[in-house]
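# Compute the structure for the input listed below.
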Amino acid sequence: MPLPPPSPRKLSHTRTVTYTGFDREDGLWDIEAELTDVKPYTFKVTSEPYFPKQEPIHGLKIRVTMDNEMVIQEISTSMDVIPHDECSGAPHAIHKLVGCAMGPGWRKAINERMGGTQGCTHLREMLFNMATVAYQTLPSGKWHRLETAGMPHPEVTRPPFYLGQCHTWAFDSPTVQRAYPMFFKPKAEVPVKD
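Predicted coordinates:
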């Protein structure tokens, strides 16, 4: 369903965030994020130069390289456009994420290693969501690797991580009943009181 029609308005800010996942030839995976902030008018922060309209205020990139278990092997950033010179020091702690896995506890790992003034709000926000891109990239990518090599898919013996994590993938949903009938759990009937 579309959004309801808006009230009369004018554009004030555009943030564009793009996430991409890559299957590397060496067997690892790259997840990349790029964030750009643009305003439709000339903008000024006190004691800083003007930012011309339609020119980026932020231009940030992150690349995370991980293995098949989503454990980070390498991480790098690019801060091509920043609003303050001091922003260039913000990614100094990002290397502390090497060895961490994107999965349960991912946000906590980010906040412990580069939370608050140890890092950058925008880089943290990008990193938070990179995990969902990794989940979209690796499982299907691993299956695609097998198909391309002419190998069978492994037998599914455990529920995939996304079961029970959203409405559509609830254990009692028709989607799970169709896709993973071995893990489907029908809703318990509530006894009717007399």
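# How is the chain divided into domains?
Following automatic domain parsing, the chain resolves into domains at 14-148, 160-187.
# Tell me the buried residues in the helix ranked longest in the chain?
Here the longest helix in the chain is taken by residue count, with DSSP state H as the criterion, and it is helix 121-148. By 16 or more other C-beta atoms under 10 Å, the buried positions in helix 121-148 come out as 122-127, 130-131, 133-135, 137-138. Placement of C-beta: from N, CA and C, glycine included.
# where in this structure is pLDDT low?
For the chain, residues meeting the criterion pLDDT under 70 lie at 190, 194.
# Tell me where it has helices.
Going by DSSP H, the chain shows helices at 106-114, 121-148, 174-179.
# Which of the ones you listed sits closest to residue 7?
In terms of C-beta to C-beta, the element of the helices of the chain nearest to residue 7 is helix 121-148, at 27.6 Å.
# just the angle between the closest one and helix 106-114, please?
Using axes from the mean of the first three to the mean of the last three C-alpha atoms, to 10 degrees, the direction of helix 121-148 lies 130 degrees away from that of helix 106-114.
# Make 51 the first number, not 1, from now on.
Renumbered: residue one is now 51, and that last one reads helix 171-198.
# ranges for the strands of the chain?
Here the chain has its strands, by DSSP state E, at 64-73, 79-88, 93-94, 100-101, 106-116, 122-131.
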